[in-house]
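Asker: coords below, sequence missing:
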């Protein structure tokens, strides 16, 4: 089964549109579980369900050329990123007029409980995570794997071919920087 996924990904990246027909049923259960995990961090009563989020993902995948993927893990990382972006777009639309009055606080992860995944600050968080990726791409990728994809620190270390201590250090720095930027953003004139 895993070899079928790798083969279908390679064929699809090479331009074989029929490869998606082979790929979709093989990856759908994992993608639905991933979508369920992402949605479990959303506010109660969110209108999307896992199936709708996976459908949105496939629409995004079809609409753009598939990049060369190094592995199945790379594909799932890309899918998680696209699903996260779809949820961010949804949050932007939902909070355009109102900045979250009366919403329940839903932490994105226990280690970053200060971030309300159900509130309007998730849009700012997405912007900051993109800024972090420009500053330190590896640190941002580790953060995404650990806190958005649900990998353990050990799995994240393995995926980055580094030690758990390095991952822990980079994650501490990323959390501190994101917290500082989100909770105490610098003022436009630089003071504060």
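Answerer: Great, that's in hand. Worth saying up front: this structure is predicted, and the values here are computed from it rather than measured.
Asker: Name the helix or strand for residue 48, please.
Answerer: Residue 48 is located outside every helix and strand, with elements delineated by DSSP states H and E.
Asker: gap between it and residue 63?
Answerer: 18 Å (Cβ to Cβ, to the nearest Å). C-beta: built from backbone N, CA, C; applies to glycine.
Asker: Could you check which of these two has the larger neighbour count?
Answerer: Neighbours were counted for residue 48 and for residue 63 using other Cβ atoms under 10 Å; residue 48 has more, 17 against 7.
Asker: so who does that one touch?
Answerer: 39, 42, 56, 87, 90 (Cβ atoms under 8 Å, 6 or more residues apart in numbering).
Asker: ok, the first one - contacts?
Answerer: When contacts are counted by Cβ under 8 Å, 6+ apart, residue 39 is found next to 46, 48, 49, 50, 53, 87.
Asker: Filter those down to the buried ones, PyMOL style.
Answerer: Only the buried entries of the contacts of residue 39 go into this PyMOL selection, using 16 or more other Cβ atoms under 10 Å:
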select buried, resi 46+48+50+53+87
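Asker: Adding distance to residue 11 and pLDDT as columns, could you present the contacts of residue 39 in TSV?
Answerer: Shown next, in TSV, are these (distance: Cβ to Cβ, whole Å; pLDDT from 0 to 100):
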residue	distance to residue 11	pLDDT
46	35	63
48	30	75
49	30	81
50	26	82
53	25	83
87	29	79
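Asker: Pull the number of nearby residues for residue 83.
Answerer: Neighbour number of residue 83 under other Cβ under 10 Å is 24.
Asker: Equivalent analysis for residue 122, please.
Answerer: 26.
Asker: Let me see the domain layout of this protein.
Answerer: 1-71, 95-192 (automatic domain parsing).
Asker: Let me know which of these is the nearest to residue 77.
Answerer: Of all those, it is domain 95-192 that lies closest to residue 77, at 6.8 Å by Cβ to Cβ.
Asker: Figure out which of the domains of the chain is closest to residue 83.
Answerer: Across those, closest to residue 83 is domain 1-71 (Cβ to Cβ), at 5.3 Å.
Asker: Give me the distance from that closest one to the chain's centre.
Answerer: 13 Å (Cα atoms, centre = their mean, to the nearest Å).
Asker: Nearest to residue 79, out of the domains of the chain?
Answerer: domain 1-71 (5.8 Å).
Asker: Look at residue 185 and tell me its secondary structure.
Answerer: Here residue 185 is recorded as coil under DSSP: H, G, I helix; E, B strand; the rest coil.
Asker: Would you map the helices across the chain?
Answerer: Ranges of helices in the chain, per DSSP state H, are 2-13, 19-40, 50-63, 72-94, 121-135, 137-143, 153-159, 164-183.
Asker: For the last one, give me every contacting residue.
Answerer: Spelled out, it's helix 164-183. Contacts of helix 164-183 (Cβ under 8 Å, 6+ apart): 111-112, 114-115, 121, 124-125, 128-129, 131-132, 136, 138-140, 142-143, 146, 153-154, 156-157, 160.
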